[in-house]
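Undergrad: this one's sequence-less:
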């Protein structure tokens, strides 16, 4: 997605430890016009009419999923939670996930009420690196008996192995921008 | 907002400890059509053309703010973070807040890059009860020198004192539904 790549080059920055900062438009300040274009592009990449649930994970995925859902005919958004809350009770799907960003493990949780074997799910997230969060979300869909129609990622770090491993397993994974290298602070995209 | 009140009566449920569960349409599963109507209503309630930033807090506020921002002419969304992250560096506004929902204190954090003295801010959140998160967000805006144009809340618990105290202080606070009582599990709205 050229508009996104241009924006990453213009406003993204590379920090120590392989961190690509896009907090100026994606995951702290959100440029809603850009999110709308991202939503339309996800719709183009995932035209399957059976998609009826968009699953993401708090926090940065929520805005992307909410805006994107508007371009689907009939899709609710469910955002998985990372912490226990009084707002989440009853029976839960729960999968442990290790966060490289935060350096700690956490439980990805979704209420069993909102995912069933009849659902066709598009999973969305802002970043894919090692793929831990995405694997956790896919495992939750598997537990529910629903089908993963596809996984849409805004920015994939192609120099980490999450995306490659998932594609080798046959996952219908599509990323709007794949960063293949950030050596010396220079961002290079996959063609 | 009648549509919202009807939905709360239909799909909300009252749990022990004064918890109003609306996870079926607002803060776990999100009904995007409803969020669009909520966004339009916030626009009607806050017509001030100078609003250029919508500030909320992760996680449940993000979807509401992202959808709502589409009905404003030129407003970015900033979502305050509750935890340290590698994605947030540089100078921060930081305010300690006690969460009654989670039973623990946390720091509300916003990068100084994204709020300045020139900004006119609409603060949005899903719930208002004791008002701790809202007061934290208002304090961050105060630190930045920006102006709070108003605060929009989807559901206010009118039987807790956050809303009353803020209105007494002159805050331009508007809630789409105010629950005045949940005694015996029966939800009663303020007229």
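TA: Thanks, I have it. Predicted model, so just to flag it, every value in this text is computed and none were measured. Residues are numbered from 1 along each chain as shown, chains lettered A, B, ... in the order given.
Undergrad: which residues are in contact with the residue nearest to residue A:165 when sequence neighbours are not counted?
TA: Distance criterion CB to CB, 6 or more residues apart in numbering or on different chains; nearest residue to residue A:165, sequence neighbours excluded, is residue A:131 at 6.5 Å. Any C-beta I mention is one placed from the backbone N, CA and C, and that applies to glycine too. By CB atoms under 8 Å, 6 or more residues apart in numbering or on different chains, residue A:131 lies in contact with A:161, A:162, A:163, A:165, A:166.
Undergrad: these two touch, right, the second one and residue A:133?
TA: No. Using CB atoms under 8 Å as the test, residue A:162 is too far from residue A:133 to be in contact (9.2 Å).
Undergrad: looking at the two, which is more packed in?
TA: residue A:133 (28 against 22; other CB atoms under 10 Å in any protein chain shown).
Undergrad: what's the pLDDT at the more buried one?
TA: pLDDT recorded at residue A:133 is 94.
Undergrad: look up how far residue A:127 lies from it.
TA: Separation of residue A:133 from residue A:127 (CB to CB, to the nearest Å) stands at 8 Å.
Undergrad: again with residue A:25
TA: 14 Å.
Undergrad: ok, these two, which is more surrounded?
TA: residue A:127 (23 against 20).
Undergrad: chain neighbours aside, what residue packs nearest to the more buried one?
TA: residue A:155 (5.4 Å).
Undergrad: residues of the helix or strand harbouring the one you found that come out buried?
TA: According to DSSP states H and E, residue A:155 maps onto strand A:147-157. Neighbour counts over strand A:147-157 (16 or more other CB atoms under 10 Å in any protein chain shown) mark A:148, A:149, A:150, A:151, A:152, A:153, A:154, A:155, A:156, A:157 as buried.
Undergrad: what do you get for stretch A:38-46?
TA: For stretch A:38-46, by 16+ other CB under 10 Å, it's A:38, A:39, A:41, A:42, A:43, A:46.
Undergrad: before we move on, the earlier item: among the contacts of residue A:131, the buried ones, what's the PyMOL command?
TA: Command for PyMOL that selects the buried part of the contacts of residue A:131, burial taken from 16+ other CB under 10 Å:
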select buried, chain A and resi 162+163+166
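Undergrad: which single one of the contacts of residue A:131 is nearest to chain B?
TA: residue A:162 (16.8 Å; CB to the nearest CB).
Undergrad: report the central residue of chain A.
TA: residue A:125 (1.2 Å; CA atoms, centre = their mean).
Undergrad: which residues pair with that residue across the strands?
TA: residue A:153 (DSSP bridges).
Undergrad: in contact with it, which residues?
TA: Here residue A:125 is in contact with A:56, A:57, A:60, A:61, A:64, A:133, A:134, A:137, A:151, A:152, A:153, A:154 (CB under 8 Å, 6+ apart).
Undergrad: next: residue A:92.
TA: A:109, A:110, A:111, A:112.
Undergrad: among the residues you listed, who's most crowded?
TA: residue A:110 (26 neighbours).
Undergrad: the helix or strand where it lies: how far from the chain's middle?
TA: Assigned by DSSP H and E, residue A:110 belongs to strand A:104-111. Centroid separation for strand A:104-111 versus its chain: 15 Å, with CA atoms, centre = their mean, to the nearest Å.
Undergrad: packing partners of that strand?
TA: Helices and strands touching strand A:104-111, by 3 or more CB pairs under 8 Å, 6 or more residues apart in numbering or on different chains; DSSP states H and E, are strand A:76-80, strand A:92-99, helix A:132-144.
Undergrad: just those: most buried one?
TA: Neighbour counts (mean count of other CB atoms under 10 Å in any protein chain shown) averaged over each of these peak at strand A:76-80, with a mean of 25.
Undergrad: hmm, it touching chain B?
TA: Yes. Strand A:76-80 lies within reach of chain B by CB under 8 Å from any CB of the partner chain, at A:76, A:77, A:78, A:79.
Undergrad: now do stretch A:21-41
TA: Yes. Judged by CB under 8 Å from any CB, stretch A:21-41 comes into contact with chain B at A:21, A:23, A:24, A:27, A:28, A:29, A:30, A:31, A:32, A:35, A:36.
Undergrad: so which bits of that stretch are buried?
TA: A:21-32, A:34-39, A:41.
Undergrad: next, format the contacts of residue A:92 as JSON lines and append pLDDT and distance to residue A:83.
TA: Shown next, in JSON lines, are those (pLDDT from 0 to 100; distance: CB to CB, whole Å):
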{"residue": "A:109", "pLDDT": "96", "distance to residue A:83": "8"}
{"residue": "A:110", "pLDDT": "97", "distance to residue A:83": "13"}
{"residue": "A:111", "pLDDT": "96", "distance to residue A:83": "14"}
{"residue": "A:112", "pLDDT": "96", "distance to residue A:83": "18"}
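Undergrad: from those residues, pick the one nearest residue A:4.
TA: residue A:110 (27.8 Å; CB to CB).
Undergrad: which residues does the closest one contact?
TA: Contacts of residue A:110 (CB under 8 Å, 6+ apart): A:55, A:78, A:80, A:81, A:92, A:93, A:140, A:144, B:28.
Undergrad: ditto for residue A:71
TA: Contacts of residue A:71 by CB under 8 Å, 6+ apart are A:39, A:40, A:42, A:43.
Undergrad: tabulate these (CSV), appending pLDDT and secondary structure.
TA: Listed next are the contacts of residue A:71 as CSV, based on pLDDT from 0 to 100; DSSP: H, G, I helix; E, B strand; the rest coil:
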residue, pLDDT, secondary structure
A:39, 98, helix
A:40, 98, helix
A:42, 98, helix
A:43, 98, helix
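Undergrad: now for those: which two are most distant?
TA: Maximum distance among the contacts of residue A:71 (CB to CB): 7.4 Å, for A:40 and A:42.
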